[in-house]
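A.B. asks: Okay, structure incoming, though there's no sequence with it:
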DNA sequence: TTTTGTGAACTAGTTCACAGCT
DNA sequence: AGCTGTGAACTAGTTCACAAAA
């Protein structure tokens, strides 16, 4: 491990927004890396993602001193550091709860695989779906099999794509099976047990936010 | 219009987070309304959505004085006010760009219709898809038809569910056709023309944020 | 008495500005 | 000379606390 990472990563106090920006920086670095750019300043990286350079330096400083004064950041090295910080340097097994349209669409989503996320199974309660496979060969299993799959495949992330009424029950189940990170697509908010991280993607909330903008007639 | 809405809605300065919370309040009010509860205090509503009562009073105060001191908020009236503020008191026509798995799944999503959002057409460039319909009878059209559909159906919101490489081009097209509110599912960020509101749902960013949590080993 | 609406205090997050390193 | 890393200043957003209304 590089000496640049010696700093204690006082992760408890890294703001959520910083972690999201790290992903954005990484995307930009992938482009620079592919283009063969050897180094980039915080100002240039900021330009590239529409941000202020100071916030980039602050964000990176939570995790170490990756920059070289007078030069900037070494692109391949910073890329590697960010991939490691974000846990993208290894495969992560994912299960999807709910094999309806949304669950199936997510199972086929290319962007996930490219980042090392591997959907190993879908789960459903509908007997007509159980036992089948997606076009990519991902099996659709009964909920009863969840624990076994999680344990055997080392599943670390669950995606919840079930109807709203079943979401809390399903969350409690995946948590009971040992999964501690959940991406939730069901609307309405869940009671989240301590020690578990749930990220909500609430499509209705997003659309209503746009609707507000239209209703308010903001033309700025 | 009720006299409670007389206040100038200085909408320019309503924080984005406030608008999202309004949707959350509305959801909670729908439940209370269905249960026949006549009035609710900011403290009770806060409890219901896991927030502080003061922020609810502040949020609502941007739009008027809806409460009654000593009593709270009249549920049916506040529900109506929020529906109007969020533009949910009328039908909104929506188009979906990209009739792949994600686009098709979104077209079938029940939660949208319940809020007055009506998906009137999907658009794609794949000739094998053009001319077909979804199971719900929503037509899949060629991009050339976009302008006509937008104008004829009064489309106000576009959902972009095309591959990343095509997203900017598609955004520019829908904006050129007069749509000013866009829900974007493609990753990577877009150049957004002035006067247009784009809400990004970046699935990769969401998963990477969970991955960070796992990599950092936060068990709090 | 109860609860709103709101100024004041507080907190979190961003930007500025510059000392210090290469 | 140029750019990072970081304390200080600033900005936005939340919570407190209480006067005023019903």
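C.D. replies: Noted; the coordinates are in hand. Treat the numbers as computed from the prediction; the structure is a model and nothing was measured. Numbering: from 1, shown residues only, chains lettered A, B, ... in the order given.
A.B. asks: Now do the buried residues in the lowest-mean-pLDDT helix or strand in chain A.
C.D. replies: Ranking every helix and strand in chain A by mean pLDDT, DSSP states H and E puts helix A:110-114 at the bottom, with a mean of 90. Judged by neighbour count using 16 or more other Cβ atoms under 10 Å in any protein chain shown, the buried positions of helix A:110-114 are A:111-112. In short, each C-beta sits where N, CA and C put it, glycine included.
A.B. asks: elements contacting the helix or strand following it?
C.D. replies: Scanning forward in sequence from helix A:110-114 by DSSP states H and E, the next helix or strand is strand A:117-124. Applying 3 or more Cβ pairs under 8 Å, 6 or more residues apart in numbering or on different chains; DSSP states H and E, one finds that strand A:117-124 makes contact with strand A:92-97, helix A:101-107, helix A:110-114, strand A:140-142, helix A:146-153.
A.B. asks: On the three-state scheme, residue A:51 is what?
C.D. replies: Classification of residue A:51 using DSSP: H, G, I helix; E, B strand; the rest coil returns coil.
A.B. asks: list the contacts for it?
C.D. replies: Listed by Cβ atoms under 8 Å, 6 or more residues apart in numbering or on different chains, the contact set of residue A:51 reads residue A:21.
A.B. asks: Show the model's pLDDT score for it.
C.D. replies: With respect to pLDDT, residue A:51 scores 95.
A.B. asks: Over to it: give its phi and psi.
C.D. replies: Recorded main-chain torsions at residue A:51 are phi -130, psi 180, according to degrees, to the nearest 10.
A.B. asks: Quickly note the distance from it to residue A:154.
C.D. replies: Distance check for residue A:51 against residue A:154: by Cβ to Cβ, to the nearest Å, it reads 35 Å.
A.B. asks: what's the answer for residue A:80, then?
C.D. replies: Residue A:80 is 23 Å from residue A:154, by Cβ to Cβ.
A.B. asks: Could you give me the buried positions within the top helix by length along chain A?
C.D. replies: Longest helix in chain A by number of residues (criterion: DSSP state H): helix A:16-34. Neighbour-count burial for helix A:16-34, counted by 16+ other Cβ under 10 Å, picks out A:18-29, A:32-33.
A.B. asks: For it, which helices and strands make contact with it?
C.D. replies: By 3+ Cβ pairs under 8 Å, 6+ apart, helix A:16-34 packs against helix A:42-49, helix A:53-61, helix A:75-85, helix B:203-216.
A.B. asks: now what about it, what contacts it?
C.D. replies: With contacts defined as Cβ under 8 Å, 6+ apart, helix A:16-34 is touched by A:40, A:45, A:48-49, A:51, A:55-56, A:58-60, A:62, A:75-76, A:78-79, A:82-83, A:85-86, A:88, B:187-189, B:204-205, B:208-209, B:212-213.
A.B. asks: Over to stretch A:156-172?
C.D. replies: Outside stretch A:156-172, the residues that reach it (Cβ under 8 Å, 6+ apart) are A:92-98, A:100, A:102-103, A:106, A:117, A:125, A:174, A:179-188, A:190-193, A:198, B:111, B:207, B:210-211, B:214.
A.B. asks: Spell out for me the ChimeraX command that would select the buried members of those residues.
C.D. replies: Burial among the contacts of stretch A:156-172 is assessed by 16+ other Cβ under 10 Å; the matching ChimeraX selection reads:
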select /A:92,93,94,95,96,97,98,100,102,103,106,117,174,179,180,181,182,183,184,185,186,187,188,190,198 /B:111,207,210,211,214
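A.B. asks: ok, back up a step: of the contacts of helix A:16-34, list those near DNA strand D.
C.D. replies: Near DNA strand D, judged by Cβ under 7 Å from any atom of the strand, the entries from these are A:58, A:60.
A.B. asks: Would you list the buried entries among the contacts of helix A:16-34?
C.D. replies: A:40, A:45, A:48, A:51, A:56, A:59-60, A:62, A:75, A:78-79, A:82-83, A:85-86, A:88, B:187-189, B:204-205, B:208-209, B:212-213.
A.B. asks: Which members of those residues additionally contact DNA strand C?
C.D. replies: residue A:51.
A.B. asks: Determine the number of other residues adjacent to residue A:15.
C.D. replies: As a burial measure, residue A:15 scores 11 neighbours (other Cβ atoms under 10 Å in any protein chain shown).
A.B. asks: quick one: it from DNA strand D, how far?
C.D. replies: For residue A:15, the distance to DNA strand D (Cβ to the nearest atom of the strand, to the nearest Å) stands at 13 Å.
A.B. asks: Quick one: residues contacting that residue.
C.D. replies: No contacts exist for residue A:15 under Cβ under 8 Å, 6+ apart.
A.B. asks: Just give the nearest non-adjacent residue to residue A:193, would you?
C.D. replies: In space, and not counting its chain neighbours, residue A:193 is closest to residue A:175: 5.4 Å by Cβ to Cβ, 6 or more residues apart in numbering or on different chains.
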